[in-house]
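Q: got a sequence here, can you build the structure:
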Amino acid sequence: VQLVESGGGLVQSGGSLNLSCTASGLTFSSYAWGWARQVPGKGLEWVSGIYPDRSTYYAYFVKGRFTISRDNAKNTVLLQMNSLKPEDTAVYYCATEFAERTDVQADYWGQGTQVTVSP
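A: From the prediction side, this is the model:
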């Protein structure tokens, strides 16, 4: 199983970035996919998730600003991030299988992509 992320970078506060994660080696459409992030000095936290039926989850701190989607034909999960804030600065990871719980656990992880939001 391989998860390849792209789309991170440096953006000013209020700006937007789109993250992409393409998976191979598993039946993409059968899995719930999530994006987690890690701020330096802190643990991983779930940001958003999307289930096979396309129902979604958003952490309270990104609700209304981030949008998760999936393209089963392309084995890709996307995270559109708008109105970014400096506190969104973190390494973002794509992972499966996502589940709505406090502890972040998953079987497979991407390599991570850095998102930096300047004031």
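
Q: so which residues of this structure form strands?
A: 2-6, 9-12, 17-24, 33-38, 44-50, 56-58, 66-71, 76-81, 90-96, 108-109, 113-118 (DSSP state E).

Q: nearest to Thr102, out of those?
A: Each of these has some distance to Thr102 by C-beta to C-beta; the shortest is strand 44-50, at 8.5 Å. For glycine as for every other residue, the C-beta is placed from the backbone atoms N, C-alpha and C.

Q: that closest one - which strands sit beside it in the sheet, and in what orientation?
A: strand 33-38 (antiparallel), strand 56-58 (antiparallel) (DSSP bridges).

Q: quick check: Thr67 vs Ala23, distance?
A: Distance, Thr67 to Ala23, using C-beta to C-beta, to the nearest Å: 19 Å.

Q: again with Ala59
A: 22 Å.

Q: more neighbours: Thr67 and Ala23, which one.
A: Ala23 (21 against 16; other C-beta atoms under 10 Å).

Q: Val1 is in contact with the more buried one, correct?
A: Yes: between Ala23 and Val1 a contact is recorded at 7.2 Å, counting by C-beta atoms under 8 Å.

Q: beta partners for Thr67?
A: Gln80.

Q: so it touches Val77, yeah?
A: No: judged on C-beta under 8 Å, Thr67 makes no contact with Val77 at a distance of 11.5 Å.

Q: circling back: any chance of TSV for the strands of the chain, columns distance to Thr102?
A: Listed next are the strands of the chain as TSV, based on distance: least, C-beta to C-beta, whole Å:
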stretch	distance to Thr102
strand 2-6	23
strand 9-12	29
strand 17-24	22
strand 33-38	12
strand 44-50	8
strand 56-58	13
strand 66-71	19
strand 76-81	20
strand 90-96	15
strand 108-109	18
strand 113-118	22
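
Q: make TSV out of those strands and add mean pLDDT.
A: Formatted as TSV, the strands of the chain follow (pLDDT from 0 to 100):
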stretch	mean pLDDT
strand 2-6	96
strand 9-12	98
strand 17-24	98
strand 33-38	97
strand 44-50	96
strand 56-58	97
strand 66-71	98
strand 76-81	98
strand 90-96	97
strand 108-109	97
strand 113-118	98
